[in-house]
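K.L.:
Sequence first, then the predicted structure:
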There are 4 protein chains.
Amino acid sequence: MSKSSKTRKTSRRSLPREVRREQLILATIKCIEKNGLSGTTMAQVTREAGLSLGIANLHFESKDKLLIETLKYITEEYNLGLAAIMEDDRYPTTSSRIEAVLKFDFSPAVIRKDKLAVWVAFWGEARARPTYQRICLRSDLSAEDATRKLFKAAIEEGRYKNQDAAILASGYTAMIDGLWLDLLLCPAHLTKKKARKVARNYLANALPDHIPQEP
Amino acid sequence: MSKSSKTRKTSRRSLPREVRREQLILATIKCIEKNGLSGTTMAQVTREAGLSLGIANLHFESKDKLLIETLKYITEEYNLGLAAIMEDDRYPTTSSRIEAVLKFDFSPAVIRKDKLAVWVAFWGEARARPTYQRICLRSDLSAEDATRKLFKAAIEEGRYKNQDAAILASGYTAMIDGLWLDLLLCPAHLTKKKARKVARNYLANALPDHIPQEP
Amino acid sequence: MSKSSKTRKTSRRSLPREVRREQLILATIKCIEKNGLSGTTMAQVTREAGLSLGIANLHFESKDKLLIETLKYITEEYNLGLAAIMEDDRYPTTSSRIEAVLKFDFSPAVIRKDKLAVWVAFWGEARARPTYQRICLRSDLSAEDATRKLFKAAIEEGRYKNQDAAILASGYTAMIDGLWLDLLLCPAHLTKKKARKVARNYLANALPDHIPQEP
Amino acid sequence: MSKSSKTRKTSRRSLPREVRREQLILATIKCIEKNGLSGTTMAQVTREAGLSLGIANLHFESKDKLLIETLKYITEEYNLGLAAIMEDDRYPTTSSRIEAVLKFDFSPAVIRKDKLAVWVAFWGEARARPTYQRICLRSDLSAEDATRKLFKAAIEEGRYKNQDAAILASGYTAMIDGLWLDLLLCPAHLTKKKARKVARNYLANALPDHIPQEP
DNA sequence: AATGAATGAGAATTCATTCAT
DNA sequence: AATGAATGAATTCTCATTCAT
């Protein structure tokens, strides 16, 4: 309080509501990564954000709301990224669009440790917290919906026998979730590169004319 | 289990101890299912077990130890089941053994909601708790190791080009984890039957001569 | 009120200041009615007044000062009303003046629910807050003093044996306080009309020649 | 913790539930007397009781419940005292029973400062707290009911013209409440003796054949 | 070995007050 | 003079752990 006068510069400055909220959400993500969901306290979050204890309740009403907004932030970010690929006209073929999804799902922005940690942390509490479950569910279904459409197009184009778009999409979603989890649990054993290869192999086996095995 | 093996007398006396411990672990599983990991209290666990509050600390020293023993209980149960299949002489072919694993991974004993909830709950806290992570990791690697051996044998038998046992095993493990998660998060959308079909489809695409598509 | 009295100019400028203060005091009364003394917050008061949060401290220094001013406002309003009756030349007889006091004590302006709620709220905290106690005490003594003079005159005029003006005044004050309280606590059981009748009956029994029983 | 070994004697000792509850209620009464209702904290109450902070929630669930039980304790104590007089066969006459009530209402046990402070503190918050109001109301009506029966009997016996038992009872209840309040607010001005005289004078004026003026 | 009342550290939340704009 | 975002002390409540019985 008395020691620094430089760092204080922004401290008391009144910032736009949205800026503060994002600042706090980002601090929450950092804390969840470090301490888990149950180990995350308001004091930690606000300290991480360089702000005072009371500010989180000022902007989010309660810890619960802050956590929910954090989960929404993470899921929306992911789903918007996926939606952008689905709507992007620059992908001329189904194949290239699937490749783009595959690339996106293992892009640095998506598989950042802190964000993966947040996904998994909320999964862990989702069963006991209907609100978490609802948000996770919505996100999951939305992602699965997108890939199912892609796989359906591919199956029709490739006349793959024995492939079912719904089954493939469920499998892809599950595998992505599982790989994210394993990236977090076994970082020494599963590299990002290998994880991507695993997912690609899944699609290459199912849709060989669209997705070649990794070179 | 470790202390006594001399006489029936001590054995009789130590039996209640193990019974109490299991009783508490089972109560813990129920509580985690209902309230999540962070929502589980010693009072709940002991009430669920129909015992007194103090008894948990008497048998497990601390809540942390109880939770760790619960996680070990769940992971050991699963890994022992898998190991039993791997060592069972009654499976004459690689194919039949893989089928057995597949069946096991979606058997009622394994995909009971309460146990799945425990897996996911601990995954969620694993990153922040080295002990949890270590146990989850060990379990994951053990399972992956088992399937890798199976897939290796299958690949050699079937001369599948382009298949890599390690990649396949990582993918299988990830997909199982992901499907378990989705069974918990989206019970209305993913049935047990469909989940099994998804996993089978994965293997059928990779090892078609060993695992036929579901009839 | 204290600073300016020189010119119209400053007087005009100080007017808004007094207006603001009264605006805040009236908002405080409303809040105390709705939420009690302990449930009244600065945020509520300023919102009720349609002003900004900071303004209360600007005009009253602290919450405590605002509350004290609110109590003074209520007690002064009452005591001024009583004093006006005592000094009003238009009451030719002791009897008519007592009747006027009786009428005043149950007039709509005095027994408004919001104001009664403020009285009772401050009584409740008076014991723990010397400043509140002092103000309540002063108001009580002032009112009792007024009625004692009236009763003394009546006793002398009527030669009532066994009546003591001091005792009668204490009783009257206590009964008014008690009736106000009961109007607040038991509105379904004690109507305003009945309360007035109760008070009149008290005086009619003591000073029958001056105060007739209600017709 | 380490300093004393004598005072600790009872501290950890497990006491019957009801004993602890009363101990805490009595401590709450003391705290309300000293600090008012809003100034009373759980820390104060438990310190006053010589117990640890957590114990109040253990026995009362919440502060709110503790306060409500305290109010009930006070009101029940009073109403039971009154009921005992009403049912006591040893009062041969209406007159003696009214005298007993009068004596009771100013007995040392009833007009103890700490208990009066509790009454008034809860009155102050009753309007904002329906539960408080309900309890105060019930107590008030019960007391008024008792006195109305007495006054009705007296009026019939004495053939008092112009007296109405209901009006008299409302007035008596209001006056008692008001006198208790004034004993608290103006202890230097209103002695217990004078207060009793005021109440007696009220009854003596209304029911002269039953209640003589104070000698 | 078993019990559960008691403890007290730790967390969320509230809100009077401050102060840069 | 007015605003309202920001602060942080104070308070309630929770719950793992202890320990007398």
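P.N.:
Sure, I can see it.
K.L.:
Spit out the contact partners of the nearest residue to residue A:36 once chain neighbours are set aside.
P.N.:
Nearest non-adjacent residue to residue A:36, counting by C-beta to C-beta, 6 or more residues apart in numbering or on different chains: residue B:128, 3.2 Å away. (C-beta placed from N, C-alpha, C; glycine too.) Taking C-beta atoms under 8 Å, 6 or more residues apart in numbering or on different chains, we find residue B:128 in contact with A:34, A:35, A:36, A:39.
K.L.:
Show me which of the residues you listed are buried.
P.N.:
Buried subset of the contacts of residue B:128 (neighbour count, 16 or more other C-beta atoms under 10 Å in any protein chain shown): A:35, A:36.
K.L.:
Export the contacts of residue B:128 to CSV and append columns for distance to residue D:43 and secondary structure.
P.N.:
Supplementary listing: those in CSV, determined by distance: C-beta to C-beta, whole Å; DSSP: H, G, I helix; E, B strand; the rest coil:
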residue, distance to residue D:43, secondary structure
A:34, 32, helix
A:35, 29, helix
A:36, 31, coil
A:39, 27, coil
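K.L.:
any idea which of the contacts of residue B:128 is closest to DNA strand F?
P.N.:
Proximity of the contacts of residue B:128 to DNA strand F (C-beta to the nearest atom of the strand) peaks at residue A:39, which lies at 12.7 Å.
K.L.:
any idea whether the nearest residue in space to the closest one that is not next to it in sequence is helix, strand or coil?
P.N.:
Nearest residue to residue A:39 in three dimensions, chain neighbours excluded: residue B:128, at 5.4 Å (C-beta to C-beta, 6+ apart). Following DSSP: H, G, I helix; E, B strand; the rest coil, residue B:128 is assigned to coil.
K.L.:
how far away is residue B:128 from residue D:118?
P.N.:
To residue D:118, residue B:128 is 48 Å away according to C-beta to C-beta, to the nearest Å.
K.L.:
isn't residue A:104 right next to residue A:85, touching?
P.N.:
Yes. Using C-beta atoms under 8 Å, residue A:104 is in contact with residue A:85, at 6.0 Å.
K.L.:
Tell me which of the two has more neighbours.
P.N.:
residue A:85 (18 against 15; other C-beta atoms under 10 Å in any protein chain shown).
K.L.:
Could you say which helix or strand holds that one?
P.N.:
helix A:63-87 (DSSP states H and E).
K.L.:
That helix packs against which elements?
P.N.:
Packing partners of helix A:63-87 (3 or more C-beta pairs under 8 Å, 6 or more residues apart in numbering or on different chains; DSSP states H and E): helix A:17-35, helix A:42-48, helix A:55-60, helix A:94-105, helix A:113-126, helix A:130-158.
K.L.:
quick one: secondary structure of residue A:213?
P.N.:
Put simply, residue A:213 is coil when judged by three-state DSSP.
K.L.:
can you give me phi and psi for it?
P.N.:
The phi/psi pair for residue A:213 (degrees, to the nearest 10) reads phi -60, psi 150.
K.L.:
My understanding was that it contacts residue B:162; is that so?
P.N.:
Yes. In this structure, residue A:213 is within contact of residue B:162 by C-beta under 8 Å, at 4.9 Å.
K.L.:
what sits in contact with each of those two?
P.N.:
Common contact partners of residue A:213 and residue B:162 (C-beta under 8 Å, 6+ apart): residue A:204.
K.L.:
if I pick the closest residue to chain D within chain A, what's in contact with it?
P.N.:
Nearest residue of chain A to chain D, counting by C-beta to the nearest C-beta: residue A:62, 18.1 Å away. Taking C-beta under 8 Å, 6+ apart, we find residue A:62 in contact with no residue.
K.L.:
Can you give me every residue that contacts residue A:127?
P.N.:
Neighbours of residue A:127 in contact, by C-beta under 8 Å, 6+ apart: A:133, B:33, B:36, B:117, B:120, B:121, B:184, B:185.
K.L.:
any idea which of these has the most stuff around it?
P.N.:
Comparing those by number of neighbours (other C-beta under 10 Å), residue B:121 comes first, having 31 neighbours.
K.L.:
That one and residue A:125 touch, don't they?
P.N.:
Yes. Here residue B:121 reaches residue A:125: they are 7.4 Å apart, a contact under C-beta under 8 Å.
K.L.:
Please enumerate the shared neighbours of the two.
P.N.:
In contact with both residue B:121 and residue A:125: B:36, B:37, using C-beta under 8 Å, 6+ apart.
K.L.:
average pLDDT for the host helix or strand of residue A:196?
P.N.:
Using DSSP H and E, residue A:196 sits within helix A:192-206. The pLDDT scores in helix A:192-206 average 97.
K.L.:
swap in stretch A:101-109?
P.N.:
97.
K.L.:
mind showing which ranges of chain A have poor pLDDT?
P.N.:
Where chain A drops to pLDDT under 70, the residues are A:1-13, A:215.
K.L.:
what about the residue of it found nearest DNA strand F, neighbour count?
P.N.:
As assessed by C-beta to the nearest atom of the strand, DNA strand F sits closest to residue A:54 within chain A, at 1.8 Å. For residue A:54, the neighbour count with other C-beta under 10 Å is 10.
K.L.:
Can you tell me, leaving aside adjacent residues, what's nearest to it?
P.N.:
Residue A:54's closest residue in space is residue A:46 (C-beta to C-beta, 6+ apart), at 8.0 Å.
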